[in-house]
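In: predicted model and sequence below, questions to follow.
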Amino acid sequence: MTDPTTDPAWLAVGHINKPHGIKGEMFVWPLTDHPEGTFAPGVVVHPAEPSGRAPDPDATPLTIDTVRPYRRGFLVRFEGTTDRDGAELLRDRYLLRRLDDLEPLGEDEVFYHQLIGMRVELADGSLVGTVREVYELRPSDMLEVRTATGTVLIPYIRRVVTEVHRDERRLVIDPPEGLLDL
């Protein structure tokens, strides 16, 4: 999901799927657990360059003019985008916001990009490995952890990942028997 070389000052908060109608609205998939703080009139987002990792230096920041819930996302119109042709220019773009502009995380919340590179330990402090990737899957997200003997996938659920220490860059797991042997 996230490349560790990504500039951590920016976070993808949405993806423009396609134009909707003829008045400049676009269907946007939210990529945040708190879309109400991002998808609101007056909020400024930045179209990403093609990789989706950093703002496009050739693109103008976008200010949300109107927004309304639609299916599992939002219909958004940006200031200055008044027709389908203008909306079409933004098709398939990721939308970024500065981390400093986002609502603060709750005590038990973490941005997935913060998990990359974290040390994974058992409750007794013994090293399991390092988080290499986060996969957003159903029924649970998975952490790809590089161990001394290879790679293991660990479900990112509360009964397995018992503690996340953002400041210490480590997480503690209580894996079910056999999980680390797969």
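Out: Nice, thanks for sending it over.

In: what's the weakest-modelled helix or strand in this protein?
Out: For the chain, using mean pLDDT, DSSP states H and E, the weakest element among its helices and strands is helix 112-115, scoring a mean of 86.

In: past that one, which element shows up next along the chain?
Out: strand 119-122 (DSSP states H and E).

In: rounded mean pLDDT for that following strand, please.
Out: When pLDDT is averaged along strand 119-122, the result is 98.

In: ok, S126 - how many residues close by?
Out: S126 has 7 neighbouring residues, counting by other Cβ atoms under 10 Å. Bear in mind the C-beta positions are built from the backbone N, C-alpha and C, glycine included.

In: what's the separation between it and G117?
Out: 19 Å (Cβ to Cβ, to the nearest Å).

In: what do you get for H15?
Out: H15 sits 25 Å away from G117, going by Cβ to Cβ.

In: what's the answer for E36, then?
Out: Where G117 is concerned, E36 sits at a distance of 30 Å (Cβ to Cβ).

In: also L75?
Out: Computed as Cβ to Cβ, the L75 to G117 distance reads 37 Å.

In: neighbour-wise, which of those two wins?
Out: Each of L75 and G117 has its neighbours counted (other Cβ under 10 Å); L75 has more, 19 against 11.

In: other SSEs contacting the helix or strand encompassing that one?
Out: In this structure, L75 is located in strand 73-78 according to DSSP H and E. Packing partners of strand 73-78 (3 or more Cβ pairs under 8 Å, 6 or more residues apart in numbering; DSSP states H and E): strand 10-20, strand 25-30, strand 62-70.

In: chain center to that strand: distance?
Out: On the basis of Cα atoms, centre = their mean, to the nearest Å, strand 73-78 is displaced by 18 Å from the centre of the chain it belongs to.

In: pull out the CA atoms of the helix or strand that it is followed by and give them to me as PDB.
Out: For strand 73-78, the succeeding helix or strand toward the C-terminus, using DSSP H and E, is helix 84-88. Presented in PDB, the C-alpha positions along helix 84-88 are these (Å, rounded to 0.1, in the frame of the first residue of the first chain):
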ATOM      1  CA  ARG A  84     -18.000  17.700 -17.400                       C
ATOM      2  CA  ASP A  85     -15.000  18.600 -19.500                       C
ATOM      3  CA  GLY A  86     -13.200  20.300 -16.600                       C
ATOM      4  CA  ALA A  87     -14.100  17.300 -14.300                       C
ATOM      5  CA  GLU A  88     -12.800  14.900 -17.000                       C
END
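
In: and helix 84-88, what's buried?
Out: Residues of helix 84-88 classed as buried by neighbour count (16 or more other Cβ atoms under 10 Å): 86-87.
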